[in-house]
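A.B. asks: sequence below, structure please.
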Amino acid sequence: MPSTQQQIDHGVVVDAGYETVFDLVADVGRWPQFHLSAVHAEVLHSNEKGDLIQHWALDGDSTVRTWRTVRRSDRAGRRITFSYMDADPPDTEVRGEWVFTELAPDRTRVELRHTIEGPARADLGPLLDGIGLDGKEHLDTLRDTAERRAELDDLVVSFTDPLFIAGSVEDAYEYLYRADLWPERIPHVVGLDLTEDVPNVQFFDMDTKSPDGTTHSVRSVRICLPPNLIVYKQISLPAVLDAHTGHWRFTETREGVVAESRHSSTIKPSAVSQLGGGTVDGARRYLRRLLSGHSMTNLRLTKTFAEERAGLRPGTDR
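C.D. replies: Alright, predicted model coming up:
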């Protein structure tokens, strides 16, 4: 069958060292914190052919698209190659590479190249347009993140809070999956409107009340991977944050389950003066105290729910 081949190239010069830039591209798990449309990515398995990665990304503010790539990292050769699986339209192959050229100790040229090959009669226009836009946005994110790395080390607050639950992983997962019931179950949640048009992909608008009595409204997307992981990203944010991502992770043990809350929040530089006395350290402490307080409340309520389901009364061990 006759085929056609197209190539899309993008490039950018980044004022950062090669290792810094390479690491940012290689660590797909960090992209949701810095890249606007990225929601989640995880390595499904690795072998001699490379890493099989599942990606989830926003398409607008109410849809998520997902796809898989096979990726190989060659640090010595200063390139990362990838190929898409199950590209759309059918019978279309999409492959590409990131190429890194060290111009100076703190200056790197990055090229992102895509090659698209498909049937001659296929309409590749929408695919080419999407790849072109995504490529430019990815390089813009990469440059901004790499060049602000020192500032972001101060502004990004990341931490986890774990709690042991003497119950089943299914019950613990269910409590936090059913976000539509949070206004009835969780004191600081005063309103929540949830949609789940695609199974296990949730969008919701939530109103929460802070200890000072103020109410905040946020819109979030969640990728639910039962029964072990719920990943979220806020897509409309409080005025003091540039990003907020995290997860609920559930790890089974012989005794029960460890439920973990993770937050990664990027403080807006202009908001530092409004938080914790006006210093970066004060802002970090304030934000961690607030977020940890909310997540630990949620985990303790989850613990009570799952342990009661298991037949345990609060304050007992049998």
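
A.B. asks: how about Arg219: what's its closest non-neighbour residue?
C.D. replies: Ser236 (4.0 Å; Cβ to Cβ, 6 or more residues apart in numbering). C-beta here means a position set from N, CA and C on the backbone, and glycine is covered the same way.

A.B. asks: ok, now Pro162?
C.D. replies: Glu260 (4.5 Å).

A.B. asks: repeat that for Thr253.
C.D. replies: Nearest one to Thr253, counting by Cβ to Cβ, 6+ apart, is Phe164 at 7.9 Å.

A.B. asks: sec struct for the one you found, please.
C.D. replies: For Phe164, the reduced secondary structure class is strand; criterion used: DSSP: H, G, I helix; E, B strand; the rest coil.

A.B. asks: mind checking how far it is from Arg249?
C.D. replies: 13 Å (Cβ to Cβ, to the nearest Å).

A.B. asks: quick check: Asp129 vs Ser292, distance?
C.D. replies: 43 Å.

A.B. asks: quick one: the helices in the stretch 151-300 of the chain, in order.
C.D. replies: Secondary structure of the stretch 151-300 of the chain, counting by DSSP state H, counting those that start in this stretch: helices at 169-177, 182-185, 280-309.

A.B. asks: tell me which strands and helices the longest one is in contact with?
C.D. replies: This points to helix 280-309. helix 149-155, strand 156-165, helix 169-177, strand 257-267 (3 or more Cβ pairs under 8 Å, 6 or more residues apart in numbering; DSSP states H and E).

A.B. asks: if we go to 10 Å?
C.D. replies: helix 149-155, strand 156-165, helix 169-177, helix 182-185, strand 189-198, strand 241-252, strand 257-267 (3 or more Cβ pairs under 10 Å, 6 or more residues apart in numbering; DSSP states H and E).

A.B. asks: now Arg185. Nearest residue, chain neighbours left out?
C.D. replies: That would be Leu301: by Cβ to Cβ, 6+ apart, it lies 6.2 Å from Arg185.

A.B. asks: the one you found contacts Glu184, doesn't it?
C.D. replies: No: Leu301 lies out of contact with Glu184 (Cβ atoms under 10 Å); the separation is 11.0 Å.

A.B. asks: so for the two, which residue has more residues nearby?
C.D. replies: Leu301 (16 against 9; other Cβ atoms under 10 Å).

A.B. asks: quick one: that one from Ser292, how far?
C.D. replies: Distance from Leu301 to Ser292, by Cβ to Cβ: 15 Å.

A.B. asks: kindly report the same for Ile165.
C.D. replies: 18 Å.

A.B. asks: neighbour count winner among these two?
C.D. replies: Applying other Cβ under 10 Å to Ile165 and Ser292 shows that Ile165 carries more neighbours, namely 26 against 15.

A.B. asks: who's in contact with the more buried one?
C.D. replies: Contact analysis of Ile165 by Cβ atoms under 10 Å, 6 or more residues apart in numbering lists 171-172, 175, 250, 253, 255-259, 299-300, 302-307, 310, 312.

A.B. asks: coming back round to it: of all the helices of the stretch 151-300 of the chain, which lies closest to Trp31?
C.D. replies: Nearest to Trp31 among those is helix 280-309; the distance by Cβ to Cβ comes to 21.1 Å.

A.B. asks: what's the angle from that closest one to strand 241-252?
C.D. replies: Relative orientation of helix 280-309 versus strand 241-252 (axes from the mean of the first three to the mean of the last three Cα atoms, to 10 degrees): 30 degrees.

A.B. asks: buried ones in helix 280-309?
C.D. replies: For helix 280-309, burial by neighbour count (16 or more other Cβ atoms under 10 Å) applies to 283-284, 286-288, 290-291, 294-295, 298-299, 301-307.

A.B. asks: where's His40 relative to Tyr232, distance?
C.D. replies: Distance from His40 to Tyr232, by Cβ to Cβ: 9 Å.

A.B. asks: mutual contacts of those two, please.
C.D. replies: 32, 221-223, 245, 247.

A.B. asks: between the residues you listed, which sits nearest Asp180?
C.D. replies: Arg222 (11.7 Å).

A.B. asks: for that closest one, the count of nearby residues, please.
C.D. replies: Using other Cβ under 10 Å, Arg222 has 24 other residues around it.

A.B. asks: which residues does it bridge with?
C.D. replies: Gln202, Tyr232 (DSSP bridges).

A.B. asks: now stretch 137-155: how far from the chain's centre is it?
C.D. replies: Chain-centre distance of stretch 137-155: 16 Å, with Cα atoms, centre = their mean, to the nearest Å.

A.B. asks: correction: the previous question concerned stretch 56-65.
C.D. replies: The answer for stretch 56-65 is 12 Å, by Cα atoms, centre = their mean.

A.B. asks: which strand residues bridge the closest residue to Leu127 other than its chain neighbours?
C.D. replies: Among residues not flanking Leu127 along the chain, Ile116 sits closest, at 6.5 Å (Cβ to Cβ, 6+ apart). Counting by DSSP bridges, Ile116 is bridged to Gln6, Val94.
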